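Asker: sequence plus predicted model, see below.
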Number of protein chains: 2
Amino acid sequence: MIQVSPHPEKAFSGSNNLNIVDFARICKALGHPARVRIIQHLRSMDGCICGNIVEMLPLAQSTVSQHLKCLKNAGLIQGNVDGPRTCYCLNKDVLERFRQGIDELTV
Amino acid sequence: MIQVSPHPEKAFSGSNNLNIVDFARICKALGHPARVRIIQHLRSMDGCICGNIVEMLPLAQSTVSQHLKCLKNAGLIQGNVDGPRTCYCLNKDVLERFRQGIDELTV
DNA sequence: CCTTTTTATCGTATTTTTACGATATACGAT
DNA sequence: ATCGTATATCGTAAAAATACGATAAAAAGG
């Protein structure tokens, strides 16, 4: 992917500190219905097991695992290993900075 | 792309009326640094000529045209033909509904 | 130790995205 | 009519995303 600017400048003027590449990465991570569903679900549950997410979606377990990885790479969620399971939850700091970025872009 | 649910349900509970597929499409459209730059630029200019956007980005004219098409398909911008030129501007309604969707997802 | 459960990763096929140059189109000006 | 300017589209190559089944890994329970 081409980097629009060689230096990862701040994406926005305000207090949030997401550069434009990170901001776009988060948008991209939210750019698939299944991943939006996952975020919605985690928001309502305040953390839940991977298998629970797999049940919720009409997708193979390996595919869901891939989507979770994508969300994790973007920083939107984190996974805490708990025995044989992984408990996923939202990364609220990142989510809040992202929301601020969207605000600056849209309001 | 798999549709997570056969019926395009509302993505969110509130007053915005974006279904989850449209919401994800907008996120995806914002999922590239060049397209975020375009939106930022249009926001600061309140409408501008395509060639202006091309100058701003280190990309070929045809590539920029493709990015503009992507943003237009997502509903984020609209292009008004003006003689040999096209003047692009933000679609503020869509942007506002999108912002509300992000709020519901993140706040 | 063996089995089961849970999740991640590998390998792979298909589709989509991203980028470019070349070309077509549409309009204004000469 | 012809030329130049501005933009969109076509063709195409390379990379990334998406999906699946199969397999690996890690922990708990018997």
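Answerer: On my side now, so go ahead. Numbering: from 1, shown residues only, chains lettered A, B, ... in the order given.

Asker: can you check the pLDDT for the residue nearest the centre of chain A?
Answerer: Central residue of chain A (Cα atoms, centre = their mean): residue A:76, 2.9 Å from the mean position. On pLDDT, residue A:76 comes in at 98.

Asker: check residue A:107 too.
Answerer: Residue-level pLDDT assigned to residue A:107 equals 87.

Asker: how about residue A:26?
Answerer: In this model, residue A:26 carries a pLDDT of 98.

Asker: just to revisit the earlier point, so the residue nearest to the centre of chain A touches residue A:89, yeah?
Answerer: No. Look at residue A:76 against residue A:89 with Cβ atoms under 8 Å: they stay out of range, at 10.4 Å. From N, CA and C alone the C-beta is placed, and that goes for glycine too.

Asker: sorry, back to before: do you know how far the residue nearest to the centre of chain A is from residue B:21?
Answerer: The spacing between residue A:76 and residue B:21, counted by Cβ to Cβ, to the nearest Å, is 19 Å.

Asker: one more: residue A:104?
Answerer: According to Cβ to Cβ, residue A:104 stands 26 Å off from residue B:21.

Asker: again with residue A:65
Answerer: The gap separating residue A:65 from residue B:21 is 23 Å, by Cβ to Cβ.

Asker: who's more crowded, these two?
Answerer: More crowded of residue A:65 and residue B:21, by other Cβ atoms under 10 Å in any protein chain shown: residue B:21, with 18 against 15.

Asker: check which helix or strand covers that one.
Answerer: Residue B:21 is part of helix B:20-29, with elements assigned from DSSP states H and E.

Asker: quick one: that helix to helix A:20-29, angle?
Answerer: Between helix B:20-29 and helix A:20-29, the angle comes out at 160 degrees (axes from the mean of the first three to the mean of the last three Cα atoms, to 10 degrees).

Asker: tell me which other helices or strands helix B:20-29 touches.
Answerer: Secondary-structure packing of helix B:20-29 (3 or more Cβ pairs under 8 Å, 6 or more residues apart in numbering or on different chains; DSSP states H and E): helix A:20-29, helix A:33-45, helix B:61-73, helix B:92-106.

Asker: could you say what helices and strands the helix or strand following the second one packs with?
Answerer: By that I understand helix A:33-45. Using DSSP H and E, the helix or strand that follows helix A:33-45 in sequence is strand A:48-49. Packing partners of strand A:48-49 (3+ Cβ pairs under 8 Å, 6+ apart): strand A:85-90.

Asker: so does stretch A:29-40 get close to DNA strand C?
Answerer: No. Using Cβ under 7 Å from any atom of the strand, stretch A:29-40 never reaches DNA strand C; the gap is at least 8.2 Å.

Asker: quick check, distance from that stretch to the centre of its chain.
Answerer: 8 Å (Cα atoms, centre = their mean, to the nearest Å).

Asker: sketch out the low-pLDDT regions of chain A for me.
Answerer: Along chain A, segments meeting pLDDT under 70 span A:1-11, A:13-16.

Asker: how about the residues of it by chain B?
Answerer: A:1-5, A:11-12, A:20-21, A:23-25, A:27-37, A:39-40, A:43, A:57-59, A:95-96, A:98-99, A:102-103, A:105-107 (Cβ under 8 Å from any Cβ of the partner chain).
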